[in-house]
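Student: Give the three-dimensional model of this entry:
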Amino acid sequence: MKKTMSILGLIAGLGLSAVALEKPNIIIFYVDDLGWQDVEKLNDLGDPCPYETPNLLKLADRGMSFSQGYSPAPTCAPSRAGIITGQHPAKLRYTHVTGASIPKPGKDQEFQEPFLGAYLDLDHMTLADAMKLNGYRTGHFGKWHNGLNASAFGFESVNQTRGIHRGMGDRTKDFATADDRKYPLSKEKYPPFSKDFPEGISYPYDELTEEALKFVQDHKEEPFFLNLCHWMVHWPMLTRNGELLEYYCKKLGQPFPPAKGAMTRPGQQNPYFASMVTSVDWSLGRLMELLKTTDDPRNPGKKLIETTYVFFTSDNGGAEIKGKEILSDNYPLKAGKKHTDEGGIRVPMVITGPGIPAGTECAAMINQLDFFPTILTLTSSTIPKAAYAELSGLDITPVLNGKAADVFDAEGHKRESLFWHFPHNAQRAAIRKGDYKLYRHFQTGTYSLFRLYNNGAYADIEEQEDLSANPEYAGVLQELSEELNRNLVENHAELPHRNPAFKGATLPSAKIRSVTFRKGDGNALLQLDPQSVKAAEAYILYYPEEGAAGGEHAKGEDFSHGDPAIGFRVKIPAQIRAGGYEVSAPVPAGVARVQFMVVDENRYGHYSAVTKAR
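Tutor: Modelled structure (predicted):
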């Protein structure tokens with residue numbers, strides 16, 4: 001049974017607080033689309049989760065789990081950008097996975113999502129940069145999804161393999177075998193155990209896991225930062241582990257092999273999803289076993305498990321459905337991935353390492369943005385003051401070492417709130433403060449208010465009763481809306497733009513007259529109709545020649561390093577002049593095509609045609 005935070009002060013007082021280590025190792029174990037309810041026992045509300053995660057339970061028994069752990073965003077790219085830079089996705093203006101896609105709203109859509117650019121801005125200091133600056137070896141393995149390649153953002157060792165999470169011919173039967181060329185089954189047996197598999201089962205070779213283990217072995221004589229990011233449990237729903245799929249089919253009362261077609265049983269009954277969850281847990285177990293059995297050369301007499309902090313969590317809430325296939329279920333949390341409701345942003349979170357009291361649970365609100373400043377403290381690392389000032393999270397070290405039950409900022413103020421900004425899909429921003437959760441709906445200009453808790457006890461965690469029109473909560477509505485809007489302004493959040501093609505538009509918009517771009521000029525010029533609306537913001541997008549490496553149809557994940565100077569659809573601020581009707585921007589040598597983006601004074605977003613140099 002979990003200890004509660006009420007005894008943590010006693011633990012620290014008994015001298016069990018963190019033993020100072022000069023340079024403890026850091027591991028972030030990041031899972032894709034793993035929901036708050038998708039792990040065994042930790043966050044179970046209602047029916048127990050049928051997915052087995054014994055290694056995660058062991059990890060929680062070694063350290064601290066967080067029942068109110070949150071991701072920075074409801075989709076993967078902004079969460080990954082947030083965790084690696086320590087900056088809020090709103091501040092980064094990197095809020096979704098659309099990457100280099102130009103918005104194409106229909107005439108019935110009043111608002112359009114903002115354009116994000118092709119990759120995370122290279123000017124931001126990353127956690128990898130910070131760790132390298134302080135003598136750490138850095139490695140990223142698995143999903144990156146911030147454009148370019150992890151090696152462009154401070155990681156020395158990089159392998160962005162999908163591992164065993166690759167497409168397969170027939171998911172009902174094309175399983176790995178012992179002599180499989182790419183995915184041979186292990187001779188060793190691992191959980192789960194059953195009547196059919198009393199000694200456990202074999203697992204397919206997973207390059208992602210093996211490369212991460214090799215990184216630890218290769219760099220154990222130096223302090224290291226490992227960023228291990230599984231592509232599972234993201235779509236596609238499949239597993240190469242036939243024995244594991246058979247185990248879950250029988251556990252869930254389904255035939256094996258499964259019938260072809262979508263899995264449509266409601267709730268947590270998809271055996272493919274279950275198999276992926278347990279496969280990720282198996283990977284975690286492999287890593288923890290290596291840490292337990294490997295001596296730390298820098299700390300004689302200790303194993304790596306005693307000198308390493310492990311941060312386990314997910315990039316966003318669980319994905320519940322894809323097409324006709326039901327993947328999992330976040331109930332009682334509302335909605336899931338791509339939504340700022342609790343089901344889309346509340347995630348499993350466990351942290352373990354030196355000085356963290358074993359088997360404890362924390363109910364304070366924690367955001368993955370807190371990892372960056374916390375890791376700096378845990379490793380006694382420093383970065384320039386200007387870079388530290390950009391961090392959006394808070395140092396939770398006092399919580400981890402049992403000296404505090406709540407999170408406080410540098411001035412000693414208790415954390416009261418967290419906010420999210422997702423100007424995509426339903427186009428909302430949200431704030432969680434105390435017992436309450438408020439949403440701002442950009443399309444309608446309205447708000448929704450829910451009371452998740454009542455003095456710490458569950459109340460409406462399902463977010464079913466909207467209190468925004470209830471006079472009793474008018475003060476709460478005003479307080480939270482003002483704070484949310486202040487956060488958006490302070491973080492320079494990019495809001496949805498009006499769609500100039502909207503058939504019901506009532507406000508006038510700017511009109512693009514011409515774009516001039518001549519070879520050798522080093523400059524491009526856009527002119528607006530002087531009888532239309534002025535420009536308020538403007539950007540230029542750079543393109544190489546059509547068909548060139550990194551060109552229009554390239555995939556960001558395929559870049560080895562990318563080109564920091566030109567890049568693929570880089571979004572560069574442009575200069576507004578001539579009273580707001582002319583936009584000018586420099587064009588580096590080698591850029592073959594350009595496109596302007598203009599936001600006018602009535603917040604309409606305009607994109608010029610892609611223009612070739614003449």
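Student: Please make it C-alpha for all contacts and neighbour counts, starting now.
Tutor: Fine.
Student: isn't Leu418 right up against Asp435?
Tutor: No. Assessed by C-alpha atoms under 8 Å, Leu418 is found out of contact with Asp435, at 11.9 Å.
Student: Quick one: neighbours of the closest residue to Arg614 other than its chain neighbours, just the number.
Tutor: Using C-alpha to C-alpha, 6 or more residues apart in numbering and skipping the chain neighbours, the partner closest in space to Arg614 is Arg518 (4.7 Å). Residue crowding around Arg518 was assessed by other C-alpha atoms under 10 Å; the count is 16.
Student: list the contacts for Arg518?
Tutor: Shown in contact with Arg518 (C-alpha atoms under 8 Å, 6 or more residues apart in numbering): Ala524, Ala613, Arg614.
Student: Just the buried residues from those, in PyMOL please.
Tutor: In PyMOL, this line selects whichever of those come out buried by 16 or more other C-alpha atoms under 10 Å:
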select buried, resi 524
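Student: okay if I get the contacts of Arg518 as a markdown table plus distance to Ala574?
Tutor: Below are the contacts of Arg518 laid out as a markdown table (distance: C-alpha to C-alpha, whole Å):
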| residue | distance to Ala574 |
| --- | --- |
| Ala524 | 10 |
| Ala613 | 18 |
| Arg614 | 20 |
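Student: In strands, which of the contacts of Arg518 appear?
Tutor: The strands, defined by DSSP state E, take in Ala524 from the contacts of Arg518.
Student: Out of the contacts of Arg518, the closest to Asn134 would be?
Tutor: Of all the contacts of Arg518, Ala524 has the smallest distance to Asn134: 41.9 Å, by C-alpha to C-alpha.
Student: For Ala613, see how far away the closest residue to the closest one other than its chain neighbours is.
Tutor: Distances taken as C-alpha to C-alpha, 6+ apart place Phe517 nearest to Ala524, at 4.7 Å, with adjacent residues excluded. According to C-alpha to C-alpha, to the nearest Å, Phe517 and Ala613 sit 5 Å apart.
Student: Could you work out the end-to-end span of stretch 236-243 for me?
Tutor: Start and end residues of stretch 236-243 are separated by 19 Å (C-alpha to C-alpha).
Student: cool, and stretch 120-129?
Tutor: 14 Å.
Student: how about that stretch: buried residues?
Tutor: For stretch 120-129, a neighbour-count test (16+ other C-alpha under 10 Å) marks Leu120, Asp121, His124, Met125, Thr126, Leu127, Ala128, Asp129 as buried.
Student: does Ala212 sit in a helix, a strand or a coil?
Tutor: Recorded secondary structure, Ala212: helix (DSSP: H, G, I helix; E, B strand; the rest coil).
Student: Give me the distance between it and Met288.
Tutor: 12 Å.
Student: what does Met232 give?
Tutor: 19 Å.
Student: and if you look at Glu390?
Tutor: 33 Å.
Student: When these two are compared, which one has more neighbours?
Tutor: It is Met288, of Glu390 and Met288, that has more neighbours when counted by other C-alpha under 10 Å, with 19 against 15.
Student: show me the contacts for the more buried one.
Tutor: Contacts for Met288 were tallied using C-alpha under 8 Å, 6+ apart; they are Ile305.
Student: now the one helix or strand it maps to: mean pLDDT?
Tutor: For Met288, the host element (DSSP states H and E) is helix 271-293. For helix 271-293, mean pLDDT rounds to 98.
Student: Can you point out the buried residues in it?
Tutor: Within helix 271-293, the residues that count as buried by 16+ other C-alpha under 10 Å are 271-288, 290-291.
Student: can you check stretch 210-222 too?
Tutor: By 16+ other C-alpha under 10 Å, the buried positions in stretch 210-222 come out as Glu211, Ala212, Leu213, Phe215, Val216, Lys220, Glu222.
Student: can you check stretch 401-421 too?
Tutor: Buried residues in stretch 401-421, defined by neighbour count with 16+ other C-alpha under 10 Å: 401-408, 415, 417-421.
Student: can I get those in TSV with secondary structure, distance to Ala259 and pLDDT?
Tutor: Listed next are the buried residues of stretch 401-421 as TSV, based on DSSP: H, G, I helix; E, B strand; the rest coil; distance: C-alpha to C-alpha, whole Å; pLDDT from 0 to 100:
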residue	secondary structure	distance to Ala259	pLDDT
Asn401	coil	50	95
Gly402	coil	50	94
Lys403	coil	53	95
Ala404	coil	52	96
Ala405	coil	49	96
Asp406	coil	49	97
Val407	coil	49	98
Phe408	strand	53	97
Arg415	coil	50	98
Ser417	strand	47	98
Leu418	strand	44	98
Phe419	strand	43	98
Trp420	strand	40	98
His421	strand	41	98
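Student: who's in contact with the spatially closest residue to Asn454 that is not a sequence neighbour?
Tutor: Nearest residue to Asn454 in three dimensions, chain neighbours excluded: Asp435, at 6.2 Å (C-alpha to C-alpha, 6+ apart). Contact analysis of Asp435 by C-alpha under 8 Å, 6+ apart lists Arg451, Leu452, Tyr453, Asn454, Asn455, Gly456.
Student: Look up how far Ala81 lies from the residue lying closest to Ala387 once chain neighbours are set aside.
Tutor: Once flanking residues are discounted, Ala387 sits nearest to Met125: 6.9 Å by C-alpha to C-alpha, 6+ apart. Using C-alpha to C-alpha, we find Met125 at a distance of 11 Å from Ala81.
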